[in-house]
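Participant: Here's my sequence, what's the structure:
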Amino acid sequence: MGSFMPPETFTRTGVTTPRTVTTEAIRKGFARRLRAARVAAGYDSARAFAKALGVHEMTYGRWERGEVDPPLVTLVHICQLAQTTPDFLLLNRKD
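Facilitator: Sure thing, here's the model as predicted:
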């Protein structure tokens, strides 16, 4: 399992250390936020959103389950349709 070292750090008992986040944790968080953004954008079904994106519904379903990552270009399209940002979907950062 891969890990990602985000630029943020946290402090425990006064010692600042880098926080390690696993690929699985990033995918699961992305999946939860992707579904929430889809619903907030008015797409009640994953099928409808997949169709709007021009991808197969099974492919989209794998993204919402956190099994695989969408291509970068598709991530941009997701953000446009859902009216959100990559920062929110990937890192839960709001404006």
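Participant: Find the helix or strand that residue 52 is a member of.
Facilitator: helix 46-53 (DSSP states H and E).
Participant: which residues of the chain score low on pLDDT?
Facilitator: 1-19, 95 (pLDDT under 70).
Participant: give me that answer again for 50
Facilitator: For the chain, applying pLDDT under 50 flags the ranges 1, 5, 7, 10.
Participant: Ramachandran angles for the residue nearest to the spatial centre of it?
Facilitator: Centroid-nearest residue in the chain, with C-alpha atoms, centre = their mean: residue 30, separated by 2.4 Å. Main-chain dihedrals, residue 30, degrees, to the nearest 10: phi -60, psi -40.
Participant: ditto for residue 22
Facilitator: Residue torsions, per degrees, to the nearest 10, at residue 22 are phi -80, psi 160.
Participant: Could you number the chain from 310 rather than 1 from now on?
Facilitator: Okay, residue one is now 310; in that scheme the one you just asked about reads as residue 331.
Participant: Look up how far residue 338 lies from it.
Facilitator: According to C-beta to C-beta, to the nearest Å, residue 331 stands 11 Å off from residue 338. Just so you know, the C-beta spots here come from the backbone N, C-alpha and C atoms, and that holds for glycine as well.
Participant: Which residue of these two possesses the greater neighbour count?
Facilitator: residue 338 (16 against 12; other C-beta atoms under 10 Å).
Participant: list the contacts for the more buried one?
Facilitator: residue 401 (C-beta atoms under 8 Å, 6 or more residues apart in numbering).
Participant: still on that earlier bit, for the helix holding residue 361, buried residues please.
Facilitator: With burial defined by 16 or more other C-beta atoms under 10 Å, the residues of helix 355-362 counted as buried are 355, 358, 359, 361, 362.
Participant: Leaving out the residues flanking it, which one is nearest to the last one?
Facilitator: Translated: residue 362. Distances taken as C-beta to C-beta, 6 or more residues apart in numbering place residue 386 nearest to residue 362, at 5.8 Å, with adjacent residues excluded.
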